[in-house]
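Asks: Here you go, sequence then predicted model.
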Amino acid sequence: MSFKIASSPHQHNQRSTAQIMRLVVLACLPGIAVQAVLFGYGVLIQLLLAIITAWLSEALILVLRKKAIMPRLKDNSALLTAVLLAVAIPPYAPWWIIVIGTAFAIIMVKQLYGGLGHNLFNPAMAAYVLLLVSFPLQMTQWLPPMSLQSVDLTPLDAVCSIFTQFSCSGFSLTQLQTSVDGITMATPLDTLRTDLSRGLTLSESMQRPVFFSFAGTGWLWVNLAYLAGGILLIQQKIISWRIPVSILAALFLLSGIASLASPDTVAGPLFHLFSGGTMLAAFFIATDPVSASTTNRGRLIFGAAIGVIVFLIRNFGGYPDAYAFAVLLANMAVPLIDYYTRPRTYGHRTRSELK
Amino acid sequence: MSQLKELTLQGLWKNNPGLVQLLGLCPLLAVTSTITNALGLGLATLLVLLGSNVAVSLVRNHIANEIRIPVFVLIIASLVTVVQLMMNAYTFGLYESLGIFIPLIVTNCAIIGRAEAFASKNAVLPSALDAIMMGLGFLLVLLILGGMREILGQGTLFDGADLLFGSWAKGLRIELFTVDSHFLLAMLPPGAFIGMGLLIALKNVIDNRIKQQNAIEKGSIARARVTGAAQ
């Protein structure tokens, strides 16, 4: 009988980085599918472009750094970054948007800091901010859900408009954005924001076709699909429940209180939870094991910070949705949060005993 | 002559105020959105640095040690005012576009740093040389960063050069490529930080290469001597 001497931690699950990353990508699939069905096939082409760019830029940097290429490519982390960025940008954005963004995410944000595990910031979100700041026009051209589009888009049209800015039948993106009733459509968050700044009340704005009961048409289903994927990840113990729950709780509480206090100008908590990128960000983006907080209490603080920042920017800031900014700001605070939430070492005295 | 060589090497490369000392980062990052702005501010800084180094070196034996810093600041501030008035008179367009960053040359640590570290301890001629080389080093970094950001940001070079040189310089404007949407990040402050980081990284890479090269050469000499001893 042999006694193996193994070092701690003695209890761990057997998943490798590659398996974890692959599971996260798989959990994204329902959301991507719903997005493709409701908002058109653009997202699939963006995914393809993003994945190719991510692999190429990762390989390029690994060659420059004289490291083995295949082991790094096989860990799927570049794949996950590419997927997260591709689903976050508008599905019919021109091809160079996603190419610039993914290359920036992999080369500048991840590899220049030392590769997987060394980056301070979430690569996908840093790239999203780069794109949003650099190309505000292209990054805000969201199409309405297909049911509200005046022109039916075939998959071929998606290819055409991503690569040439015009669909195969010659419609520009601005024309496609115009809905059946001739009004240019944006995302629900964007529409609400514009309406409120025009002096309309919340209930007046909610009459528009882009809204559906308490959330945006189509957006509700996308968010529900990501929520389902996220719950699967928690059930599989890939991510901790603490970050998503504290993001959603913070956003729910703040928007709940604010909408009670000012029902005409602040949308209710359900609208905030199921609009924009809430579920995608809470379950898939903020839970990045590298750039998020690592202690249990720290994760609660990290998530709550994101929820608060998102609420503030959505209601008082300059952008309709703000997960990228919120995640990056919280990333910056992570070293501090981790420092102050270090768990007590077993056998050592607690802070209250020290006093 | 060797002092000239040493000062040149220090100012332009080994102790470059922009890339190594990291002094004067505020103007370096703020005004380098185009190569013209960078050139204008670089030249202004060079002039002030030259004047302040010469003046400080001239008075270095006449001021009490305890009040030297206020005296340096006074000298620099008066020179900056002179440069500012001159730019207001002769290059008004550039004066407008550089704005607050001209008076802010006073607070450029590179200038007071050279006054304290070099001019207050050396004779006039070496101080003037040091100022020219340090100023040129700073100017070069400004130009490279400005060029990078202008090309990436709007695809041109020397855009608005007429603000600095007069109307004939409009022909200097080079249109490298035209795009519908400018890469705004390069023009915004984050672009300056990223560009600066890349430049510093590039300098470190070159330095490391040189060091390795030297090590290899020295190593081969050492081996040659060992075999020589064995024979």
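Replies: Here it is on my side, so go on.
Asks: How about A:N315: what's its closest non-neighbour residue?
Replies: Leaving aside its sequence neighbours, A:N315 sits nearest to A:V266 (C-beta to C-beta, 6 or more residues apart in numbering or on different chains; 6.0 Å). Where you see a C-beta, it was placed from the backbone N, CA and C, and this is true even at glycine.
Asks: how far away is that neighbour from A:M279?
Replies: In this view, A:V266 and A:M279 are 20 Å apart by C-beta to C-beta, to the nearest Å.
Asks: Show me which of these two is the more surrounded one.
Replies: Comparing A:V266 with A:M279 by other C-beta atoms under 10 Å in any protein chain shown, the one with more neighbours is A:M279, at 26 against 23.
Asks: Tell me the backbone dihedrals of that one, please.
Replies: The phi and psi values for A:M279, taken as degrees, to the nearest 10, are phi -70, psi -40.
Asks: Now do the same contact list for it.
Replies: Contact partners of A:M279, counting by C-beta atoms under 8 Å, 6 or more residues apart in numbering or on different chains, are A:31, A:222-224, A:226-227, A:230, A:273.
Asks: Name the nearest of the residues you listed relative to A:M206.
Replies: Ranked by distance to A:M206 (C-beta to C-beta), the contacts of A:M279 are led by A:L273 at 15.8 Å.
Asks: confidence score at the closest one?
Replies: Note on A:L273: pLDDT of 88.
Asks: do you know how far it is from A:A103?
Replies: A:L273 is 33 Å from A:A103, by C-beta to C-beta.
Asks: The residue nearest to A:N315 against A:G256, yeah?
Replies: No: between A:V266 and A:G256 there is no contact under C-beta atoms under 8 Å: 9.5 Å.
Asks: what's the neighbour count on the closest residue to chain B within the stretch 201-350 of chain A?
Replies: Nearest to chain B in the stretch 201-350 of chain A, going by C-beta to the nearest C-beta, is A:L328, at a distance of 11.3 Å. By other C-beta under 10 Å, 19 other residues sit near A:L328.
Asks: Could you do B:P103 as well?
Replies: 14.
Asks: Where does the prediction get shaky in the chain?
Replies: The chain I'm using is chain A. Chain A contains residues with pLDDT under 70 at A:1-13, A:149-152, A:174, A:176-186, A:212-216, A:350-355.
Asks: Let me rephrase: I mean chain B.
Replies: Using pLDDT under 70, the flagged stretches of chain B are B:1, B:166, B:180, B:219-231.
Asks: My reading is that A:F252 is in a helix; is that accurate?
Replies: Yes: assignment of A:F252 by DSSP: H, G, I helix; E, B strand; the rest coil places it within a helix.
Asks: Now do the SS call for B:V20.
Replies: Once three-state DSSP is applied, B:V20 turns out coil.
Asks: In contact with it, which residues are there?
Replies: Counted by C-beta under 8 Å, 6+ apart, B:V20 has contacts B:14, B:203.
Asks: Repeat the analysis, applying 7 Å as the threshold.
Replies: B:K14 (C-beta atoms under 7 Å, 6 or more residues apart in numbering or on different chains).
Asks: What backbone torsions are found at A:G170?
Replies: Per degrees, to the nearest 10, the backbone of A:G170 is at phi 90, psi 10.
Asks: Just want the most central residue of the chain.
Replies: As the question left the chain open, I've gone with chain A. A:A281 (3.8 Å; C-alpha atoms, centre = their mean).
Asks: oops, chain B please
Replies: B:F138 (0.5 Å).
Asks: With adjacent residues omitted, what lies nearest to it?
Replies: If the residues on either side of it in the chain are set aside, B:F138 comes closest to B:P17, at 4.7 Å by C-beta to C-beta, 6+ apart.
Asks: Wasn't that neighbour part of a helix?
Replies: No: applying three-state DSSP, one finds B:P17 to be coil, outside a helix.
Asks: count of residues packed around it?
Replies: 27.
Asks: List phi and psi for it.
Replies: Backbone geometry at B:P17, expressed as degrees, to the nearest 10, gives phi -60, psi -30.
Asks: From what I see, it and B:G135 are in contact.
Replies: No: taking C-beta atoms under 7 Å as the definition, B:P17 is not a contact partner of B:G135, at 8.4 Å.
Asks: and the residue of chain A found nearest chain B, what does it touch?
Replies: Here the residue of chain A nearest chain B is A:S134; by C-beta to the nearest C-beta that distance is 4.1 Å. A:S134 makes contacts with B:183-185, as judged by C-beta under 7 Å, 6+ apart.
Asks: returning to that earlier point: now do the contacts for the residue nearest to the centre of chain B.
Replies: By C-beta under 7 Å, 6+ apart, the neighbours of B:F138 are B:17-18, B:24, B:42, B:45, B:110.
Asks: Can you say which of the residues you listed are buried?
Replies: Buried members of the contacts of B:F138, scored by 16 or more other C-beta atoms under 10 Å in any protein chain shown, are B:17-18, B:24, B:42, B:45, B:110.
Asks: now the helix of greatest length in chain B: how far from the chain's centre is it?
Replies: Secondary structure of chain B per DSSP state H: the longest helix is helix B:189-230. Distance of helix B:189-230 from its chain centroid, counting by C-alpha atoms, centre = their mean, to the nearest Å, is 23 Å.
Asks: Ok, stretch B:177-192 next?
Replies: 23 Å.
Asks: Check stretch A:298-305 too.
Replies: Counting by C-alpha atoms, centre = their mean, stretch A:298-305 comes out at 17 Å from the chain centroid.
Asks: who's in contact with it?
Replies: Contacts for stretch A:298-305 (C-beta under 7 Å, 6+ apart): A:240, A:242-244, A:246-247, A:250, A:286, A:292-293, A:330, A:333-334, A:337-338, A:341.
Asks: can you do 6 Å?
Replies: The contact list for stretch A:298-305 (C-beta atoms under 6 Å, 6 or more residues apart in numbering or on different chains) reads A:240, A:242-243, A:246-247, A:250, A:292-293, A:330, A:337-338, A:341.
Asks: Then stretch A:105-125?
Replies: A:54, A:57-58, A:61, A:77-78, A:81, A:84-85, A:126-127, A:288, A:290-291, A:324, A:327-328, A:331.
Asks: interface residues of chain A facing chain B?
Replies: Applying C-beta under 6 Å from any C-beta of the partner chain, we find that chain A lies next to chain B at A:130, A:133-135.
Asks: In CSV: those, plus secondary structure.
Replies: Shown next, in CSV, are these (three-state DSSP):
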residue, secondary structure
A:L130, helix
A:V133, helix
A:S134, helix
A:F135, coil
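Asks: Using TSV, please lay out those together with distance to B:W13.
Replies: Below are the residues of chain A next to chain B laid out as TSV (distance: C-beta to C-beta, whole Å):
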residue	distance to B:W13
A:L130	32
A:V133	34
A:S134	33
A:F135	37
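Asks: Among the residues you listed, which pair sits farthest apart?
Replies: A:L130 and A:F135 (9.0 Å).
Asks: Near chain A, which residues of chain B are found?
Replies: So chain B meets chain A at B:181, B:183-185 (C-beta under 6 Å from any C-beta).
Asks: Narrow those to just the buried residues.
Replies: Buried among those by 16+ other C-beta under 10 Å: B:183-185.
Asks: if we take those, which one ends up nearest to A:V210?
Replies: Of these, the one sitting nearest to A:V210 (C-beta to C-beta) turns out to be B:L184, at 28.0 Å.
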